[in-house]
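Trainee: Structure for this input, please:
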Amino acid sequence: MLHREYQETILQLIAYESPTTTKPNNSPSISNIKFQSKLPIQGVTISIFEFGYYATTDEQGKFSFPMLPPGTYIVEMTVSYGYLTHDAVTKFIDVLPGQDTAVSFTLYHASWSGAAVPRTIGYWKNWENHYPRGVMETLVTNVKASSGLFVDLTADNLKSYLTLTRFSTMKQKGEAQLLVSWMNVISAQLGVDVQVDITSIIGWQMVINDEDGILSVSDLLKQIDNYYLSNATLTKEQWETIKNILDALNNGRLFIT
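Mentor: Okay, the predicted model is just below:
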């Protein structure tokens, strides 16, 4: 049974005309992460790809990215252990001069009966925090053998496989989510025989061959693998549907509970 307790993450980024501008003393609070009960959450990691910035919420649920120039940023939340999300963990935001910019994320507590918690892109991009190198190299080898798709994958380039930009296509985003799904399967975070219900994903019938939309993780990944292995010609909408299915799978939203 999956238990949910929602909490919201609010990120405010302060834009300045140049990276050398002095931050004003009266600038507003940069960020808060709180439960609905308004209790702060500590230890949630937020990152900005372009600059390699990382911040972790403190005991007051706050973090900051000072001195950001105006522009478009990729902001990612790394989902902490014991939480899942119905939301995207990677978002694109535009920071304007002299204005606060807010982006929100939603998390919920999760507990699983007889199953581990699947992991998201942020977790696997930072695998060094969770696995010794030897273990990761074994996982990567088994992923390549099981999928047949990621033939050039190594422990060293896993992060680059999972790094997305605002120019990434829906096909590329789906491939990153597919790799995460296989990492979850091989690391026993996700069982191949677990049944999932994909009927909540709009357009699933366009890409998945199944009568009722309830199938095993193994069958789901095999069908999606085949699209990539055969270099299938799909529409942008179809690739987006594949990406949405895998994103939901990796965030624990498709399980029959």
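Trainee: looking at it, Y131 is touching E137, isn't it?
Mentor: No: using C-beta atoms under 8 Å, Y131 is not in contact with E137; the gap is 9.3 Å. Bear in mind the C-beta positions are built from the backbone N, C-alpha and C, glycine included.
Trainee: which residues of this protein fall in strands?
Mentor: Taking DSSP state E as the criterion, the chain carries its strands at 6-14, 31-35, 45-48, 53-56, 71-78, 83-84, 90-95, 100-109, 195-197, 214-216.
Trainee: can you list contacts of the fourth one?
Mentor: Spelled out, that is strand 53-56. Residues lying outside strand 53-56 but in contact with it, judged by C-beta atoms under 8 Å, 6 or more residues apart in numbering, are 43-47, 63-65.
Trainee: okay, and the helix or strand of this protein with the least pLDDT?
Mentor: Lowest on mean pLDDT, DSSP states H and E among the helices and strands of the chain sits strand 31-35, with a mean of 37.
Trainee: which of the contacts of strand 53-56 tops the neighbour count?
Mentor: Neighbour count (other C-beta atoms under 10 Å) singles out I46 as the most crowded of the contacts of strand 53-56, with 23 neighbours.
Trainee: Quick check: that one vs T57, distance?
Mentor: As defined by C-beta to C-beta, to the nearest Å, I46 lies at a distance of 8 Å from T57.
Trainee: ditto for K125
Mentor: Distance of K125 to T57, computed by C-beta to C-beta: 18 Å.
Trainee: For stretch 119-132, output the C-alpha coordinates as CSV.
Mentor: Below are the C-alpha coordinates for stretch 119-132, written out as CSV (Å, rounded to 0.1, in the frame of the first residue of the first chain):
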residue,chain,number,x,y,z
ARG,A,119,14.8,5.8,-8.2
THR,A,120,14.7,8.9,-10.4
ILE,A,121,17.2,10.5,-12.8
GLY,A,122,18.8,12.6,-10.0
TYR,A,123,19.5,9.6,-7.9
TRP,A,124,21.4,7.7,-10.7
LYS,A,125,23.2,10.8,-11.9
ASN,A,126,24.7,11.0,-8.4
TRP,A,127,25.4,7.2,-8.1
GLU,A,128,28.7,7.9,-6.3
ASN,A,129,26.7,8.8,-3.2
HIS,A,130,25.0,5.4,-3.2
TYR,A,131,27.2,2.7,-4.7
PRO,A,132,30.9,1.7,-4.7
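Trainee: Okay, buried residues for that stretch please.
Mentor: By neighbour count with 16 or more other C-beta atoms under 10 Å, stretch 119-132 contains the buried residues 119-125, 127.
Trainee: Among those residues, list the two that are farthest apart in space.
Mentor: T120 and W127 (12.2 Å; C-beta to C-beta).
Trainee: one step back: rank the strands of the chain by pLDDT, which is bottom?
Mentor: The weakest mean pLDDT among the strands of the chain belongs to strand 31-35, with a mean of 37.
Trainee: Y228 contacts L179, correct?
Mentor: No: distance between Y228 and L179: 10.2 Å, which falls outside the contact criterion (C-beta under 8 Å).
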